[in-house]
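Enquirer: Fold the following and give me the result.
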Amino acid sequence: MLTGALVGFGEVARNGHWPAWAAQPDARIVAVVDRTPERRALVASLAPAIGTFATLDELASAMAIDFVDICTPPALHPGPMLDAIARGWHVLCEKPFLLDPIVLDVVRRLAAGRGVAVLPVHNWKYAPIIRHATEALLAGAIGSLRRVEIETCRTREAVGADAARPNWRRDSAIAGGGILMDHGWHAVYLSLHWFGRRAIGVRASLHWPADGGVDDEASVTIEFPDGEATIALTWNGDERRNTIRLSGDRGTIVIADDTLHIRGTSDESIRFARALSAGSHHEDWFAAMLPAVVSAFQNPALAGPAFEEAAECLSIIQQAYRHDPSLAAPPR
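Expert: Coordinates of the predicted model:
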């Protein structure tokens with residue numbers, strides 16, 4: 001049985017990661033590290049047997065573990081990630097995985113040297129409706145993929161657990177960017193997953209609020225050797241929804257939030273219990289991802305493709321920021 005610690009106990013950790021790990025038979029969370037006394041007290045009230053610590057040093061002095069699951073805001077990912085690698089712990093980390101390609105290269109090298117797995121949380125691939133669409137695509141239902149269209153509409157950014165900084169997703173110093181770095185990360189790795197190839201070009205147009213701040217709308221085109229992906233994102237929508245279209249040379253697969261339509265070698269429509277846009281924590285998607293995570297912890301060589309997918313996500317998003325004519329340099 002592998003044992004691990006959650007690092008950061010905000011909304012996604014409490015409502016997504018925590019319950020999913022509790023149902024995982026081959027690994028369990030035995031500790032939580034959080035800088036705030038209030039959230040450590042919350043953990044103690046929910047599960048008195050779980051160790052709570054303010055720092056990784058305190059944790060390491062008190063118990064031995066095998067992995068950490070990092071759920072802090074993005075700018076705070078490198079510290080615990082590098083610390084964990086140095087201690088020989090495996091790492092699972094929320095998206096956006098890392099914000100600096102130089103740090104990413106250091107992590108890649110150090111993880112290989114220590115023989116530990118370092119993986120991103122790319123959990124949208126495990127949503128039931130997306131898994132079904134992927135299975136249909138791989139089965140040849142629409143022939144060869146030529147185009148991916150992904151639209152994400154939200155009425156605002158997600159609010160964090162820290163009362164002092166509830167809107168950190170609009171602070172580029174913490175989030176690394178705006179909606180493109182946040183929701184866009186999911187859309188980019190889905191596009192990479194479906195095309196199965198590296199991107200060969202990126203174009204983008206972003207909207208920046210008049211009062212300053214991060215991008216709150218984005219339109220991105222990613223060119224692949226066999227086609228292209230277009231991504232449309234907004235925090236200014238009038239409703240919450242997700243739409244995805246996969247177009248092949250013999251048909252289409254459409255995800256209309258809670259309904260999957262396949263029109264190709266066969267025609268079918270399937271209604272799912274939960275819409276793709278429903279909720280923000282997705283404990284069931286995370287739980288579905290965990291068997292692959294545990295396998296990578298047991299055999300770190302398996303972590304390579306997921307790590308490189310995250311590296312390509314960062315590269316594409318930074319290219320998109322550089323391409324936007326209204327921005328002199330990507331947010332850092």
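
Enquirer: What segments of the stretch 101-250 of the chain are strands?
Expert: Remark: strands assigned in the stretch 101-250 of the chain by DSSP state E, counting those that start in this stretch are 118-120, 145-153, 201-207, 217-224, 227-234, 241-248.

Enquirer: Tell me which of the ones you listed sits most buried.
Expert: Each of the strands of the stretch 101-250 of the chain was scored by mean neighbour count; the highest is strand 118-120, a mean of 27, by mean count of other CB atoms under 10 Å. Every C-beta, even on glycine, is put in place using the N, C-alpha and C of the backbone.

Enquirer: So which residues make contact with stretch 46-62?
Expert: By CB atoms under 8 Å, 6 or more residues apart in numbering, the residues outside stretch 46-62 that reach it are 5, 7, 29-35, 37, 40-41, 43-44, 63, 65, 68, 80, 83-84, 87.

Enquirer: how far is it from where the chain is centred?
Expert: 25 Å (CA atoms, centre = their mean, to the nearest Å).

Enquirer: what's the closest non-adjacent residue to residue 26?
Expert: Spatially, and ignoring its direct neighbours in sequence, residue 26 is nearest to residue 294 (4.9 Å; CB to CB, 6 or more residues apart in numbering).

Enquirer: try residue 234
Expert: That would be residue 217: by CB to CB, 6+ apart, it lies 4.6 Å from residue 234.

Enquirer: and if you look at residue 258?
Expert: residue 275 (3.9 Å).

Enquirer: got the contact list for the one you found?
Expert: Applying CB under 8 Å, 6+ apart, the residues near residue 275 are 241-242, 257-258.

Enquirer: nearest to residue 108, of the residues you listed?
Expert: Checking these against residue 108 with CB to CB, the nearest one is residue 242 at 31.4 Å.

Enquirer: what's near enough to touch that closest one?
Expert: 150-153, 255, 257, 275-277.

Enquirer: again, but for residue 150
Expert: 187, 190-191, 229-232, 242-244.

Enquirer: again, only this time at 10 Å
Expert: 183-184, 186-188, 190-191, 194, 220, 229-233, 242-246, 255 (CB atoms under 10 Å, 6 or more residues apart in numbering).

Enquirer: Let me know the helix or strand that the residue nearest the centre of the chain is in.
Expert: With distances taken as CA atoms, centre = their mean, the residue of the chain nearest its centroid is residue 95 (3.6 Å). Under DSSP states H and E, no helix or strand contains residue 95.
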